[in-house]
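Novice: Next come a sequence and a model predicted from it.
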Amino acid sequence: MARLSQSHRRQQGLLANCAQVMRIFRRHRRPRQGRITSAACIGASERCSASMRCQAISEPAMPSIRYARPSDAKALAALAEETFRDTFGSVNAVEDMNLHCRASYGEAVQLAEISNAAMITLLCEEGGNLTAFAQLRWSGAPGCVSAKSPGEIQRLYVAKRWHGKGVAHDLMAACIGEMERRESDVAWLGVWERNPRAMAFYRKFGFVEVGDHVFPLGTDPQRDIIMARSVAHRYPGA
Ligand SMILES: CC(C)(COP(=O)(O)OP(=O)(O)OC[C@H]1O[C@@H](n2cnc3c(N)ncnc32)[C@H](O)[C@@H]1OP(=O)(O)O)[C@@H](O)C(=O)NCCC(=O)NCCS
């Protein structure tokens, strides 16, 4: 019963989010070469089929965003490890990467995350393949984040071939929609100090540096920059 009512609440939220994402797109989308130009609709296949508005502006090739299901755990684990290794593998020790990946990725680990009520996992899918994912969690925040009800973007990873094509933009818009739905006032995240592309991307969405913390990659204590933004504000550059 608890799962059923949670699922119902999520559906309600999704329909609201769908309209919200559409508004963000109409207002802020800057088409550019090679970039996907149609709007992503969260869960277009199962959640928004009743909404002609969503269908009318979706294109067949556009990756759709939906909530992860338990049956996605294996594919999510594979994508999460692939994108993590693609991003950080060349600039870190193999042993540290392996330690981190063994502890963080695997069907059972991602199944537990998908089932965790204090987390939301969003998947981006195109042609039956996962192309990107984001995970949000609500479990407190570091002291440098000033908020009444903070929400964390714990992970946001896009497969390499989809970088620069708007997928990350869609996913971030969906993340902010989820933060609004959960009535979080501030969204925050940690990003490695040696990840300039991700930081540039977050800045486009209005995130600013508010502090730092240590992220242990295997045996290597690394410095993550903490970035945060008000959930309510709209940023024309995003
Ligand atoms: C971070 C990520 C989600 C961003 O998605 P994306 O599609 O690449 O983002 P965009 O192309 O819209 O924006 C990236 C911006 O960084 C800029 N950029 C690219 N390389 C850069 C660099 N080395 N230094 C600074 N800025 C850089 C781009 O020009 C772009 O800005 P612009 O739109 O003004 O031109 C994606 O790159 C990704 O999944 N990376 C690997 C995983 C990762 O790092 N996740 C974040 C972990 S905290």
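Specialist: Structure received.
Novice: all helices for the protein, in order.
Specialist: For the chain, the helices defined by DSSP state H cover 2-28, 52-56, 73-88, 94-104, 107-115, 167-181, 196-204.
Novice: Now the weakest link among the ones you listed, please, by mean pLDDT.
Specialist: With a mean of 30, helix 52-56 has the lowest mean pLDDT of the helices of the chain.
Novice: tell me which parts of the chain are close to the ligand?
Specialist: Contact residues (CB under 6 Å from any ligand atom) of the chain with the ligand: 83, 87, 156-158, 163-164, 168-169, 191, 195-198, 200-201. Every residue, glycine included, has its C-beta placed from N, CA and C.
Novice: If you go by neighbour count, which of these are buried?
Specialist: Among the residues of the chain next to the ligand, those scoring as buried are 83, 87, 156-158, 164, 168-169, 191, 195, 198, 201 (criterion: 16 or more other CB atoms under 10 Å).
Novice: Is the most centrally placed residue in the chain bridged to anything, and to what?
Specialist: By CA atoms, centre = their mean, the chain has its centre lying nearest to Ala134, at 2.5 Å. Per DSSP bridges, residues listed as beta-bridge partners of Ala134: Leu122, Leu156.
Novice: from what I can see it touches Cys175, true?
Specialist: Yes: with contacts counted by CB atoms under 8 Å, Ala134 reaches Cys175, the gap being 5.2 Å.
Novice: Identify the contacts common to those two.
Specialist: Counting by CB atoms under 8 Å, 6 or more residues apart in numbering, the residues touching both Ala134 and Cys175 are 122, 153, 156.
Novice: Now flag whichever of those is closest to the ligand.
Specialist: Here the nearest of the shared contacts of Ala134 and Cys175 to the ligand, counting by CB to the nearest ligand atom, is Leu156; it sits at 5.2 Å.
Novice: The closest residue to Ile114 other than its chain neighbours and Ser139: what is the separation?
Specialist: Using CB to CB, 6 or more residues apart in numbering and skipping the chain neighbours, the partner closest in space to Ile114 is Ala68 (4.7 Å). In this view, Ala68 and Ser139 are 18 Å apart by CB to CB, to the nearest Å.
Novice: out of the two, which sits in the more crowded spot?
Specialist: For Ala68 versus Ser139, neighbours defined as other CB atoms under 10 Å are more numerous around Ala68 (23 against 11).
Novice: so what's the backbone phi/psi at Ala147?
Specialist: Per-residue torsions, Ala147: phi -160, psi 160 (degrees, to the nearest 10).
Novice: List the residues that contact it.
Specialist: Ala147 makes contacts with 141, 184-186, 188, 228, as judged by CB under 8 Å, 6+ apart.
Novice: can I assume Gly218 is in contact with Arg102?
Specialist: No: the criterion here is CB under 8 Å, and Gly218 misses it with Arg102 at 9.3 Å.
Novice: So between the two, which is more surrounded?
Specialist: Regarding Gly218 and Arg102, a neighbour count based on other CB under 10 Å identifies Gly218 as having more, with 18 against 12.
Novice: do you know how far the closest residue in space to the more buried one that isn't next to it in sequence is from Thr121?
Specialist: Leaving out its chain neighbours, the residue that sits closest to Gly218 by CB to CB, 6+ apart is Asp96, at 3.0 Å. Separation of Asp96 from Thr121 (CB to CB): 25 Å.
Novice: With neighbour numbers in mind, choose between the two.
Specialist: In this view Asp96 and Thr121 are compared by other CB under 10 Å, and Thr121 has more residues nearby, 24 against 16.
Novice: give the contact list for that one.
Specialist: Neighbouring residues of Thr121 by CB under 8 Å, 6+ apart: 67-68, 72, 76, 110, 113-114, 133-136.
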